[in-house]
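Colleague: fold the following and give me the result.
(chains A and B)
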Number of protein chains: 2
Amino acid sequence: MVEIAIMGHGTVGSGVVEVLTRHETTITKRAKEEIRIKYILDLREFPDSPLADRFTKSFDDIIGDSSIQIVVEVMGGLHPAYDYVKCCLEAGKSVVTSNKELVAAKGAELLRIARDQNVNFLFEASVGGGIPIIRPMSQCLAANDVVEVAGILNGTTNFILTKMINEQMPFEDALALAQKLGYAERNPAADIEGQDACRKICILASLAYGKHVYPDQIHTEGITNISLADVQYADAWGGVVKLIGEANLLPSGKLHSIVCPMFIPRDSQLANVDDVFNGIMVRGDATGDVVFYGKGAGKLPTASAVVADVIDCVKHLKARKYLFWEDGSSDYVADYLDNEVAMYVRVQAADPDAVCRQAEQLFGSVTRLTRKGIGADETAFVTPVLKERDIREKLSHLEENGTKVLNTIRVSDF
Amino acid sequence: MVEIAIMGHGTVGSGVVEVLTRHETTITKRAKEEIRIKYILDLREFPDSPLADRFTKSFDDIIGDSSIQIVVEVMGGLHPAYDYVKCCLEAGKSVVTSNKELVAAKGAELLRIARDQNVNFLFEASVGGGIPIIRPMSQCLAANDVVEVAGILNGTTNFILTKMINEQMPFEDALALAQKLGYAERNPAADIEGQDACRKICILASLAYGKHVYPDQIHTEGITNISLADVQYADAWGGVVKLIGEANLLPSGKLHSIVCPMFIPRDSQLANVDDVFNGIMVRGDATGDVVFYGKGAGKLPTASAVVADVIDCVKHLKARKYLFWEDGSSDYVADYLDNEVAMYVRVQAADPDAVCRQAEQLFGSVTRLTRKGIGADETAFVTPVLKERDIREKLSHLEENGTKVLNTIRVSDF
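Modeller: You can find the predicted model right below:
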């Protein structure tokens, strides 16, 4: 029998208890050991839980109990999660977490402690909820170089964009609906401003290229500026707007990584990832494009990923899993302005035709877009692929001539 | 250093050598051991290979060499692959294979020998080429019951159907093009008649439900009867025709499994899997639908999956991976005629309106379809969901009344 502790009894935590209980027999068979929940750490009271006698408010109970070999951290947030997890690993306990903020901020450090202590630090549930991605990516990696990893990593924003695209619902209404349905928090900033997706691409890029990328190193834009006009222009262009996190290693050895809304062509596998679903593309030099698709969040999907990690820990109590990346460095991530990209530009101007002629001159050529119900003073176009810095400079020339740039959205190449 | 033997130097076999050579440094790092190819078994001569000195025509060299701990089988076909693999496992050597015919026919037996000998028998490359599916599915399984597994498992037929759907190319022309491009064999029977997909769904169903399903237990239909008319009616219905392999466990404990062309709604994740790509959906009770997408075949994708298994073997030379299913039984698979399904029916009749009225009476109601260029003596409709046996019986009533049933295609529920 293996005794475990679960830190946190919120949505995911209670889901972990539910999955462990519901599938007890098959889990025991697969883990080849009975898994017993000895402690559940939470400051709240749960007198009606069938496991009411396992609850504790004191972390000391867990850290001081040498019979606990595996600790599940599903509290979320950086503190005290980081302090507790570090403490557990240093005490020789394996840790399983669903906490993307923790892994994105402290992954390299915690993986190193786990290695030094010969225990496991697993976090399959931190990206893609119930979609297996961390393990398959390690597997792809074994015999591939990862050329690129890119994906729709946040279900809340994808739900909002899907409503905007399919039902022409304005952003504010779609956000309100997402909140009503429980897909978005009352304070939705982490989702709609892109931080959640940023944490996830940090984890994927760290894993793919073996070196930690920190969230503050990645240029991150959310979807709050996306209007129905942009969605309609994307449709006219032949695609959809999706919030994308992407990373690829440059020939220089630096990393290009960005989180931002992008135009995705309609025939891309990521274009059809709708509603709260996530889709993650891993481009390997041998496998080509492999895409993983499923629900990126939710109580039971996330909990089942946590439990799969727990089972893996039980099976590897003595043989550590290979999962490691080294510390990051401040010069690792390239300036996103140096990246080459095509750009959709929506402008307001008294004479749209004149603006397009100017744009043609500035950019060599542009692809002009139109939409139903277009205003007399608006137009939109897509630039050729150029260094983003040059595109911004050329657009500032347009602005100097009285044109108002209302929005710019990068065009994906996948 | 771990010494391995590779049996077969065809497309996949030479790809395995290429991947092992190209990624030698990273593979050594990941496997924590150098992997050295000691023998390559092939009856042909490869005097120009840089590994020319490793070739042998005699299996005895491999089986008699106790330094060989891992054998890669990439010969294909059932014999002598089965005999060699069995021999290797019995001699305490781990085996990695890409041979779906072997795993579908003999998986349970070979897994049992591997378990008894405490060695590994791995076959990630046997399904989905370079798409990680066997391992992620084991992972999903750890904390989920698999409700259903279904997928587009054969790239050749998917290429042909895509050409028929997107370019209105007749079946024969699309097949000829697939052969010209090297996607189809000169004898394409195993692909277009569904056997290849059948072997793959056997492997996935055996893994998902822990009991072997043999290819001859699964009702298998290919795509040779699919006409452009069917493709056009599918479009009118709101979807596409795809060759699907599916399996789900019935409440009776029996397995429903079938390989056949199906109508797939346009908004299904599987509808957008085009060309030679594969897509596999695993529906878990906790995770919901998870879809894996990528190139299902090809030299390097398949080879990289084989090499990932080899690395896993090296890392688990002493700790066996958990991968097992029990023997099948002759009464395990339910009669497909007892399955409940909606059916597309295309008929030829002097009076199509009269046929539809008869069909309405027989089936309660039907959804009539039309297409551009419809003949005066043809019509098509979709039946309600009924036991397939009852549908067939009602259709025979139609035929007794002089209507010719030209084709029937099942309608998917995913």
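Colleague: which strands and helices sit next to the helix or strand bottoming out on mean pLDDT in chain A?
Modeller: Lowest on mean pLDDT, DSSP states H and E among the helices and strands of chain A sits helix A:134-142, with a mean of 84. When contacts are defined as 3 or more CB pairs under 8 Å, 6 or more residues apart in numbering or on different chains; DSSP states H and E, helix A:134-142 packs onto strand A:146-152, helix A:195-209, strand A:277-284, strand A:288-295, helix B:24-31, helix B:134-142, helix B:299-315. In short, each C-beta sits where N, CA and C put it, glycine included.
Colleague: what's the offset of it from the middle of its chain?
Modeller: With CA atoms, centre = their mean, to the nearest Å as the basis, helix A:134-142 stands 17 Å off its chain's centre.
Colleague: with stretch A:395-410 instead?
Modeller: How far stretch A:395-410 lies from its chain's middle: 30 Å, per CA atoms, centre = their mean.
Colleague: with just CA atoms, put stretch A:113-123 into CSV.
Modeller: The C-alpha trace of stretch A:113-123 is given here as CSV (Å, rounded to 0.1, in the frame of the first residue of the first chain):
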residue,chain,number,x,y,z
ILE,A,113,15.6,19.0,-6.5
ALA,A,114,13.6,15.9,-7.6
ARG,A,115,16.6,14.6,-9.5
ASP,A,116,19.0,15.2,-6.6
GLN,A,117,16.6,13.4,-4.2
ASN,A,118,15.9,10.6,-6.7
VAL,A,119,12.2,11.2,-6.6
ASN,A,120,9.6,12.2,-9.2
PHE,A,121,8.1,15.6,-10.0
LEU,A,122,5.3,15.1,-12.5
PHE,A,123,2.9,17.7,-13.9
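Colleague: report whether it contacts chain B.
Modeller: No - if you take CB under 8 Å from any CB of the partner chain as the test, stretch A:113-123 misses chain B, and the best it gets is 11.3 Å.
Colleague: give the buried residues for that stretch.
Modeller: The neighbour-count check on stretch A:113-123 (16 or more other CB atoms under 10 Å in any protein chain shown) flags A:Ile113, A:Ala114, A:Arg115, A:Gln117, A:Val119, A:Asn120, A:Phe121, A:Leu122, A:Phe123 as buried.
Colleague: farthest pair in those residues?
Modeller: Largest separation among the buried residues of stretch A:113-123 by CB to CB: A:Gln117 and A:Phe123, giving 16.4 Å.
Colleague: and the gap between the closest residue to A:Leu122 other than its chain neighbours and A:Ser14?
Modeller: For A:Leu122, ignoring the flanking residues on the chain, the nearest one in space by CB to CB, 6 or more residues apart in numbering or on different chains is A:Asp309 at 4.0 Å. A:Asp309 is 17 Å from A:Ser14, where distance means CB to CB, to the nearest Å.
Colleague: likewise for A:Lys295?
Modeller: Distance, A:Lys295 to A:Ser14, using CB to CB: 18 Å.
Colleague: and what of A:Val146?
Modeller: The gap separating A:Val146 from A:Ser14 is 35 Å, by CB to CB.
Colleague: hmm, A:Gly129 is touching A:Gly294, no?
Modeller: Yes - at 7.2 Å, A:Gly129 counts as touching A:Gly294 under the criterion of CB atoms under 8 Å.
Colleague: joint contacts of the two?
Modeller: The contact sets of A:Gly129 and A:Gly294 overlap at A:Asn278, A:Pro301, B:Thr287 (CB atoms under 8 Å, 6 or more residues apart in numbering or on different chains).
Colleague: quick check: the second one vs A:Thr11, distance?
Modeller: Same thing as A:Pro301. Using CB to CB, A:Pro301 is found at 11 Å from A:Thr11.
Colleague: also the last one?
Modeller: Applying CB to CB, the value for B:Thr287 to A:Thr11 is 15 Å.
Colleague: and those two? which has more neighbours close in?
Modeller: More crowded of B:Thr287 and A:Thr11, by other CB atoms under 10 Å in any protein chain shown: B:Thr287, with 28 against 18.
Colleague: so which bits of the stretch 301-414 of chain A are right by chain B?
Modeller: Applying CB under 8 Å from any CB, we find that the stretch 301-414 of chain A lies next to chain B at A:Pro301, A:Ala303, A:Ser304, A:Ala305, A:Val307, A:Ala308, A:Ile311, A:Asp312, A:Lys315, A:Ala319, A:Tyr322.
Colleague: would you reformat these as a markdown table and include pLDDT and neighbour count?
Modeller: Converted to a markdown table, those look like this (pLDDT from 0 to 100; neighbours: other CB atoms under 10 Å in any protein chain shown):
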| residue | pLDDT | neighbour count |
| --- | --- | --- |
| A:Pro301 | 92 | 24 |
| A:Ala303 | 95 | 29 |
| A:Ser304 | 94 | 32 |
| A:Ala305 | 94 | 36 |
| A:Val307 | 96 | 30 |
| A:Ala308 | 94 | 30 |
| A:Ile311 | 93 | 28 |
| A:Asp312 | 91 | 21 |
| A:Lys315 | 87 | 18 |
| A:Ala319 | 73 | 13 |
| A:Tyr322 | 72 | 15 |
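Colleague: ok, which pair from these is furthest apart?
Modeller: With CB to CB as the measure, no two of these lie farther apart than A:Pro301 and A:Ala319, at 27.6 Å.
Colleague: please report how far A:Lys100 lies from chain B.
Modeller: Applying CB to the nearest CB, to the nearest Å, the value for A:Lys100 to chain B is 18 Å.
Colleague: pull the number of nearby residues for that residue.
Modeller: Counted with other CB under 10 Å, A:Lys100 comes out at 25.
Colleague: return the residues in contact with it.
Modeller: Per CB under 8 Å, 6+ apart, neighbours of A:Lys100: A:Phe123, A:Ser126, A:Val127, A:Asp196, A:Arg199, A:Lys200, A:Ile203.
Colleague: hmm, try it at 6 Å
Modeller: Under the criterion of CB atoms under 6 Å, 6 or more residues apart in numbering or on different chains, the neighbours of A:Lys100 are A:Ser126, A:Arg199, A:Lys200.
Colleague: the last one - nearest residue in space that isn't next to it in sequence?
Modeller: When you say that, I think you mean A:Lys200. According to CB to CB, 6+ apart, the nearest residue to A:Lys200 is A:Leu153 (4.1 Å).
Colleague: ok, the one you found to chain B distance?
Modeller: For A:Leu153, the distance to chain B equals 15 Å [CB to the nearest CB].
Colleague: in stretch A:40-51, what counts as buried?
Modeller: Going by neighbour count (16+ other CB under 10 Å), the buried part of stretch A:40-51 is A:Ile40, A:Leu41, A:Asp42, A:Leu51.
Colleague: if we can go back for a sec, the residue nearest to A:Lys200: neighbouring residues, count only.
Modeller: Around A:Leu153 there are 29 other residues, counting by other CB under 10 Å.
Colleague: ok, it - contacts?
Modeller: So A:Leu153 contacts A:Ala197, A:Lys200, A:Gly245, A:Asn278 (CB under 6 Å, 6+ apart).
Colleague: tell me if stretch A:220-239 is near chain B.
Modeller: No - using CB under 6 Å from any CB of the partner chain, stretch A:220-239 stays clear of chain B, with a minimum separation of 13.4 Å.
Colleague: list of residues touching that stretch?
Modeller: A:157, A:164-165, A:168, A:192-194, A:198, A:240-241, A:243, A:259-261, A:263-266, A:369, A:371, A:380, A:407.
Colleague: please, a ChimeraX command that selects the buried ones among those?
Modeller: Those of these that count as buried under 16+ other CB under 10 Å are selected in ChimeraX with:
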select /A:157,164,165,192,193,194,198,240,241,243,259,260,261,263,264,265,369,371,380,407
